[in-house]
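S.K.: coords please:
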Amino acid sequence: MEFGKLANVDAVDFSFPDENPANAKVLSQYKGNSPKLYLGAAKWGRKDWEGKLYPKGTKAGEYLSYYNHHFNSIELNATHYNMFGNDAIAKWARMVDDGFKFCPKIHQLISHRYRLKNASATTEQFLDIMAHFGDKLGTIFLQLHANFKPNKFDDLRNYLESFPKGFKLAVELRDRNWFTDELYGLLTKLDVPLIITDTAGERQLVHNRITGSEIFIRFVGNNLHPSDFVRINSWADKLSIWMEQGAQKIWFFIHQHDEQYTPELANYTAEIFNSRLGTDLKVPSFIG
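M.R.: Numbering: from 1, shown residues only. Model (predicted):
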């Protein structure tokens, strides 16, 4: 992932904004059940993970089966670029364990070309395909272009309010001017998570506002820079608070600017989260 990439991150302030009291109020509505934490990467088709997570010589068509041994979810960016067929989706669902979840990204036709307007037919087509994941379908996420500005608020509201029932949706906005009480109110009313993207060069996207029962975090590391590990420790502290307050489901997806380093940080993250949050995440283990 190139978004938010900086040549030098040594001077970046990676601290979180102060905790907003509105978060506890929102989460208290859902308190009662044990929270579920999902950890994953952004793709499974990495040849440079052979010898790390996958045996050397693994065929590309078998990568997902091995990925499944190490993670309980995937941020599926591929669906943003390709409208896959029903058979491909159903095949992927069969390749993973019960309890594994796919979080597909909405196709670019909807988010970037139509910009949410007159997109109902394409949205229904997309969701009909995603439904073939069955009970392995997690939260779908809508990522809008940085040039999708707050003057398009009505377009966003209309799209979210008309989004077909039965599918869980999260939304990522990349313009800091979106982050207003009007937006938080809309998303909270609809129980739509506002995605938190934690990346070095776009600190405003660590907005620290919870807008529903689920929390969706996209963490972008810096190729195992020491700050990556400090930041994961800070996230463990933050998630502990939100889980205690009532968060029901947390998605935590790890990116690196060079994804060959994702397994190392994922291994560290799973161990820290299990130790400090009492979760039972799979811990990515290395061959040899």
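
S.K.: C-alpha only now, for contacts and for neighbours.
M.R.: Noted.

S.K.: all helices of the chain, in order?
M.R.: With helices called from DSSP state H, the chain shows them at 21-28, 63-67, 78-81, 86-94, 108, 120-130, 153-161, 181-190, 226-245, 262-277.

S.K.: Could you report the separation of the residue nearest to T279 when sequence neighbours are not counted from H145?
M.R.: Nearest non-adjacent residue to T279, counting by Cα to Cα, 6 or more residues apart in numbering: F273, 6.6 Å away. From F273 over to H145 the distance is 31 Å, taken as Cα to Cα, to the nearest Å.

S.K.: Name the residue in those two with the higher neighbour count.
M.R.: Using other Cα atoms under 10 Å, the more surrounded residue of F273 and H145 is F273, with 23 against 16.

S.K.: Compute the first-to-last residue distance for stretch 205-213.
M.R.: OK, stretch 205-213 end separation, Cα to Cα: 19 Å.

S.K.: who's in contact with it?
M.R.: Applying Cα atoms under 8 Å, 6 or more residues apart in numbering, the set of residues contacting stretch 205-213 from outside is 16-17, 19-20, 22-23, 26-27, 30, 174, 176, 179, 184-185, 187-188, 190-194, 196-199, 246-249.

S.K.: Return the distance of the residue lying closest to Q260 once chain neighbours are set aside relative to G185.
M.R.: With sequence-adjacent residues excluded and distances taken as Cα to Cα, 6+ apart, Q260 is closest to D48, at 5.9 Å. Distance, D48 to G185, using Cα to Cα: 43 Å.

S.K.: Ok, T269 next?
M.R.: Separation of T269 from G185 (Cα to Cα): 32 Å.

S.K.: out of those two, which sits in the busier spot?
M.R.: Comparing T269 with G185 by other Cα under 10 Å, the one with more neighbours is T269, at 25 against 12.

S.K.: So the more buried one sits against I232, correct?
M.R.: Yes. Using Cα atoms under 8 Å, T269 is in contact with I232, at 6.4 Å.

S.K.: so how far is the first residue of stretch 244-259 from its last?
M.R.: Using Cα to Cα, one end of stretch 244-259 lies 32 Å from the other.

S.K.: What residues of that stretch count as buried?
M.R.: By 16 or more other Cα atoms under 10 Å, the buried positions in stretch 244-259 come out as 244-257, 259.

S.K.: again, but for stretch 34-49
M.R.: For stretch 34-49, a neighbour-count test (16+ other Cα under 10 Å) marks 35, 37-44, 47, 49 as buried.

S.K.: So which of these belong to strands?
M.R.: Among the buried residues of stretch 34-49, the ones falling in strands (DSSP state E) are 37-41.

S.K.: Against N8, how distant is T122?
M.R.: With distances taken as Cα to Cα, T122 is found 41 Å from N8.

S.K.: Comparing the two, which shows the higher neighbour count?
M.R.: The neighbour comparison of T122 against N8 (other Cα under 10 Å) goes to T122, with 14 against 10.

S.K.: which residues sit in contact with that one?
M.R.: By Cα under 8 Å, 6+ apart, the contact set of T122 is 109-110.

S.K.: before we move on, the earlier item: just the pLDDT at the residue nearest to T279, thanks.
M.R.: Looking at F273, its pLDDT is 98.

S.K.: A236 is in contact with that one, correct?
M.R.: Yes. If you go by Cα under 8 Å, F273 and A236 touch, sitting 6.0 Å apart.

S.K.: Any idea how many residues pack against V220?
M.R.: Around V220 sit 23 other residues, with neighbours defined as other Cα under 10 Å.
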